[in-house]
Structures are given as C-alpha cells and as structure tokens.
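> Predicted model follows, preceded by the sequence.
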Amino acid sequence: MRFFFPDSQDQVDPGFDFVTEERDPYRVRQRDDLYAHEVLDPPPFHGLLVSKAIVDGYSDGSAGKYSTPQRHRLYREGARRFFRLDHARGPLKIMGDCGAFSYVNDAEPPYTVDEVIDFYAGCGFDYGIAVDHVIFQYEPQTDRDDECAAEWVRRQDITLTLANDFWKRCKDRRVTFEPLGVAQGWSPQSYADSVATLQRIGFRRIAMGGMVPLKTREILTCLRSVDGVRDSGTQLHLLGISRCDDIPMFADHGVTSFDSTSPFRQAFKDDRNNYYTLDSTYLALRVPQVEGNLKLRKRISSGEIDQRRALTLERSALRLLREYDAGRASLEDTLQALQDYSEVWDGKTDRGEAYRRTLQDRPWRDCRCEICRTLGIQIIVFRGTERNKRRGFHNLYVFRQRLRAQLGEDQT
C-alpha cells in the first residue's frame with residue numbers, strides 16, 4: 001500500500017526563530033525551506049501527488065500556487081530535482097493529476113489531453129492520471145437511463161472519452177510515465193461500468209474518483225461491485241481518501257495506493273483534532289498573533305479591544321507555555337494565561353477542558369519524530385504557518401506509523 005501526499009508548496013523555514021518569530025532576511029522560500037520528506041527520516045509518505053491546477057492554474061488565466069519562476073524551474077529541472085527527492089531515504093515516486101476538484105463547477109475540463117501529457121512528461125513524473133470530470137453525487141439506486149442521472153452520465157462519458165484519448169496519445173508519444181485511467185460514478189454499478197471500460201481501453205492502474213464525500217460502507221459497496229469486473233492484475237488508487245483504519249479492507253479489493261491531505265490539514269483546519277498520537281488526537285493551544293488575526297484587528301480598530309492589553313496577554317501566554325514546558329510554570333497558571341487571552345480574541349468558545357488535557361498529557365514529549373524532539377511545546381501551539389505546518393508534518397509522521405500498524409508492516 002502506497003500513500004501519496006498532494007503537493008501544495010507546503011514547506012517550513014528551518015531558520016525560523018520561535019521566540020522572536022523572525023526569519024533570515026536573505027531566505028529564499030522554495031530554495032531554503034524544507035519539505036516534509038526533508039524534515040523527517042524516513043519520509044512520512046511514499047510519494048508526492050502533483051496537480052497541474054496547482055502548478056499551472058487554468059487556461060482562463062487563473063493562477064496556481066506556484067510563482068512563475070517556480071513553475072519554470074520545475075519544468076527546467078524536473079520534479080525529482082525540484083522537490084529534492086534524492087535527499088530522502090529510498091526512492092519517492094511522483095504521481096501527476098489534473099486537479100479535477102478545482103474545476104468541478106466547470107462544464108468541461110479546462111485542459112486538453114496533450115497539455116496534460118506535456119505536463120507529466122515535462123516534469124518527469126512516474127505516474128500520470130488521465131483528464132477527468134468529477135461526479136460528487138451518490139445515488140446507488142439510480143441507473144444510467146434515469147432522467148436525473150443525465151449530468152452524471154455526461155461527466156462519466158467525458159471522463160471515459162478523455163481516458164481513451166489519453167491512452168492512445170500516451171502510446172503514440174511513448175511516454176515514460178505509467179498512465180492511470182479514472183473511474184467516475186454515482187453508484188456501485190456505474191463505478192463497475194467505468195472500471196470495465198477502462199480495462200478494455202488498456203489501463204491496469206485505475207484511480208477511483210469522486211469518493212471523498214462517501215461513507216466507508218459506501219466506498220466498500222462500490223469496491224465490491226468493481227470486484228465483479230476487475231481483472232486480477234488491475235490496481236486501484238483512491239483519490240482523496242485517507243481512512244487509516246479502513247485501509248486493510250480497501251486493500252482486500254485491489255486498492256494499492258491512495259492520496260490525501262487530511263492528516264496535514266487537520267493540524268490547522270480542524271476544530272478539535274489538531275495533533276495526532278498513535279491512539280488519540282489533541283486540541284492545539286490557540287495563541288493567534290494580534291497583528292495577524294483579521295478578526296482581532298477589526299475589533300481593535302473599532303475600539304472594542306485595547307491593543308496594548310491584547311499584546312500583553314498574547315506575550316504572557318507564549319511565555320508561560322515555554323516556562324511550563326521547561327518545568328518553571330504551573331499548569332493552572334499556564335491554563336489561566338491561555339483562557340485570559342482567549343477571552344479577548346474569541347470570547348464565545350470555551351476550550352478550557354481540552355486545553356487542560358493537552359497540557360496535562362504533554363503528548364509532544366512521547367513523540368519520537370524529529371520535529372517534536374526539537375520544538376517541544378511549540379509543536380502544539382496553533383499560531384502561524386511555521387508552527388501549524390510543522391504540526392501537519394508531525395501528523396503525517398504519525399499517520400504513516402498508523403498505516404504501518406494497520407498493514408502489519410515493520411515499524412523500523
């Protein structure tokens with residue numbers, strides 16, 4: 001089973017000072033900052049998933065997340081050198097896709113087959129996923145002839161037609177990457193029909209798309225239906241699925257790889273589960289920057305909050321957290337400092353008990369990852385991109401450990 005992490009230029013600054021919160025003035029972001037596979041050894045995933053939408057944006061002129069110089073350097077150097085994959089232990093693979101989630105509301109995909117092949121070949125990817133169009137609805141009892149299925153059928157037909165063209169063009173151009181077709185559907189039968197068609201085209205790796213909103217039992221129902229048509233040599237990839245506890249069941253139905261940003265994004269997007277351990281999760285300790293919190297700045301500008309008091313409470317919370325980790329401050333004093341500042345920037349939410357559990361358990365002290373050993377309590381402070389992304393990297397590390405445990409793999 002292989003886990004691919006979708007790239008979105010998520011890196012951390014190795015020179016960032018967590019006390020002064022200053023950076024090296026000569027830092028160059030992509031050149032000097034580090035990816036998760038450079039920070040953690042072994043890497044917390046088996047490969048990267050790189051999306052054309054993230055790199056190039058859209059044909060209508062919308063920008064991706066790469067600057068023009070970064071995009072040019074990716075094409076010039078190739079993905080392996082750009083992402084510095086040779087620094088990691090063992091070979092990391094690179095899978096390319098179109099970023100169909102980004103254009104789900106468009107009538108047609110914004111890229112041609114040859115544009116996508118140019119992207120995969122130009123960057124030197126190991127795998128390339130055909131152009132597809134997402135179907136998010138799940139109606140297991142609706143067949144293809146039903147009037148309400150017209151748009152779903154249209155999207156499925158577009159995906160299969162593009163897959164056929166993609167396969168032929170890959171063969172004509174003798175690409176070095178392995179092509180994947182995409183199965184889109186709205187029911188177990190429609191997914192099985194897609195897989196059967198893709199196999200007839202010639203694909204032996206097939207990505208299952210549009211399953212992110214589905215419950216685990218619904219995904220398994222679809223996979224069981226696909227079992228009825230899937231050849232023994234056909235391998236499946238789950239797009240956007242990271243349900244670690246269910247991976248062994250997915251593997252029983254031909255799934256050999258998946259991708260997801262969920263472990264990383266939960267570090268700073270989730271309301272409760274920000275920090276992973278092997279058997280639990282913890283709420284991160286929120287100490288937002290007075291100058292960086294838009295909601296707080298508006299309240300200060302309106303005169304509702306005194307800026308000087310907010311800054312004093314912010315600094316006090318940060319100081320006591322450092323002292324608590326060093327054994328020089330009590331739990332109660334530290335918790336009170338967090339609550340005092342929380343009343344200023346977010347008086348509506350009471351996180352007292354969750355904060356107490358985080359501070360009492362000190363989960364960062366039991367973690368063996370390089371980030372937790374180096375940062376201590378800073379890893380669990382919800383504040384700015386440097387702390388939040390490092391916590392996301394930690395979550396990827398723990399997720400990989402959980403995955404190994406689920407699959408019975410060696411943890412060394």
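Thanks, I have the structure now.
> Can you pull up the most central residue in this protein?
For the chain, the residue sitting closest to the mean C-alpha position, by C-alpha atoms, centre = their mean, is residue 261 at 1.4 Å.
> got the contact list for that residue?
Each residue near residue 261 by C-beta atoms under 8 Å, 6 or more residues apart in numbering is listed here: 5-6, 8. Where C-beta positions appear, they are placed from N, C-alpha and C, glycine not excepted.
> Repeat the analysis, applying 7 Å as the threshold.
residue 6 (C-beta atoms under 7 Å, 6 or more residues apart in numbering).
> and it, backbone torsions?
Residue 261 adopts backbone torsions of phi -100, psi 0, taken as degrees, to the nearest 10.
> and what of residue 320?
Torsion angles, degrees, to the nearest 10, at residue 320: phi -70, psi -30.
> Give me the mean pLDDT for the one helix or strand residue 31 maps to.
In this structure, residue 31 sits in helix 29-32 according to DSSP states H and E. The average pLDDT for helix 29-32 rounds to 84.
> What are the buried residues along the helix or strand just after that helix?
Toward the C-terminus, helix 29-32 is succeeded by helix 36-39 as the next helix or strand (DSSP H and E). Buried positions in helix 36-39, judged by neighbour count with 16 or more other C-beta atoms under 10 Å: 36-39.
> can you confirm residue 303 is in a strand?
No. Per DSSP: H, G, I helix; E, B strand; the rest coil, residue 303 lies outside any strand segment and is coil.
> what separates it from residue 4, distance-wise?
Relative to residue 4, residue 303 is positioned 50 Å away (C-beta to C-beta, to the nearest Å).
> do residue 263 as well
In terms of C-beta to C-beta, residue 263 sits 12 Å off from residue 4.
> Just send the buried residues of helix 36-39 back as a markdown table, with distance to residue 241 too.
As requested, the buried residues of helix 36-39 are exported to a markdown table (distance: C-beta to C-beta, whole Å):
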| residue | distance to residue 241 |
| --- | --- |
| 36 | 19 |
| 37 | 21 |
| 38 | 26 |
| 39 | 25 |
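> any idea which of those is the one closest to residue 219?
residue 36 (26.4 Å; C-beta to C-beta).
> can I assume the closest one is in contact with residue 44?
Yes. Assessed by C-beta atoms under 7 Å, residue 36 is found in contact with residue 44 at 5.7 Å.
> so what sits against both of the two?
393, 396.
> More neighbours: residue 263 and residue 4, which one.
For residue 263 versus residue 4, the count of surrounding residues by other C-beta atoms under 10 Å is larger for residue 263: 26 against 23.
> which element is that one on?
Assigned by DSSP H and E, residue 263 falls in helix 262-269.
> Which strands and helices lie in contact with whichever helix or strand comes after that helix?
Later in the chain than helix 262-269, the nearest helix or strand by DSSP H and E is strand 275-276. When contacts are defined as 3 or more C-beta pairs under 7 Å, 6 or more residues apart in numbering; DSSP states H and E, strand 275-276 packs onto helix 384-407.
> ok, 10 Å please
helix 262-269, strand 281-282, helix 384-407 (3 or more C-beta pairs under 10 Å, 6 or more residues apart in numbering; DSSP states H and E).
> burial of residue 174, as a residue count?
Neighbours around residue 174, by other C-beta under 10 Å: 7.
> residues in contact with it?
Shown in contact with residue 174 (C-beta atoms under 10 Å, 6 or more residues apart in numbering): residue 121.
> Per-residue pLDDT of it, please?
98.
> rewinding a little: which residues sit against the helix holding residue 31?
By C-beta under 10 Å, 6+ apart, helix 29-32 touches 9, 11, 13-15, 23-24, 26, 66-67, 69-70, 73-74, 82-84.
> What's the separation between the most far-flung residue of the chain relative to its centre and residue 365?
Centroid-distance maximum for the chain: residue 303 at 39.0 Å, with C-alpha atoms, centre = their mean. Going from residue 303 to residue 365 by C-beta to C-beta gives 42 Å.
> try residue 29
On the measure of C-beta to C-beta, residue 29 and residue 365 end up 31 Å apart.
> where do the strands sit along this structure?
2-6, 47-51, 93-97, 127-129, 178-183, 205-208, 235-239, 255-259, 275-276, 281-282, 285-286, 381-382 (DSSP state E).
> For my notes, please list those in JSON lines and give mean pLDDT for each entry.
Converted to JSON lines, these look like this (pLDDT from 0 to 100):
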{"stretch": "strand 2-6", "mean pLDDT": "96"}
{"stretch": "strand 47-51", "mean pLDDT": "96"}
{"stretch": "strand 93-97", "mean pLDDT": "97"}
{"stretch": "strand 127-129", "mean pLDDT": "98"}
{"stretch": "strand 178-183", "mean pLDDT": "98"}
{"stretch": "strand 205-208", "mean pLDDT": "98"}
{"stretch": "strand 235-239", "mean pLDDT": "98"}
{"stretch": "strand 255-259", "mean pLDDT": "97"}
{"stretch": "strand 275-276", "mean pLDDT": "98"}
{"stretch": "strand 281-282", "mean pLDDT": "98"}
{"stretch": "strand 285-286", "mean pLDDT": "97"}
{"stretch": "strand 381-382", "mean pLDDT": "98"}
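> Which among those is found nearest to residue 147?
strand 178-183 (23.2 Å).
> Now do the closest one and strand 235-239, the angle between them.
70 degrees (axes from the mean of the first three to the mean of the last three C-alpha atoms, to 10 degrees).
> Surely residue 160 is in contact with residue 198?
Yes. With contact defined as C-beta atoms under 10 Å, residue 160 and residue 198 form a contacting pair (7.2 Å).
> so what sits against both of those two?
In contact with both residue 160 and residue 198: 130, 181-183, using C-beta under 10 Å, 6+ apart.
> ok so, going back, overlap of the contact sets of residue 263 and residue 4?
residue 45.
> Nearest residue to residue 299 in space, ignoring adjacent ones along the chain?
In space, and not counting its chain neighbours, residue 299 is closest to residue 305: 4.6 Å by C-beta to C-beta, 6 or more residues apart in numbering.
> Please apply the same query to residue 323.
residue 329 (3.7 Å).
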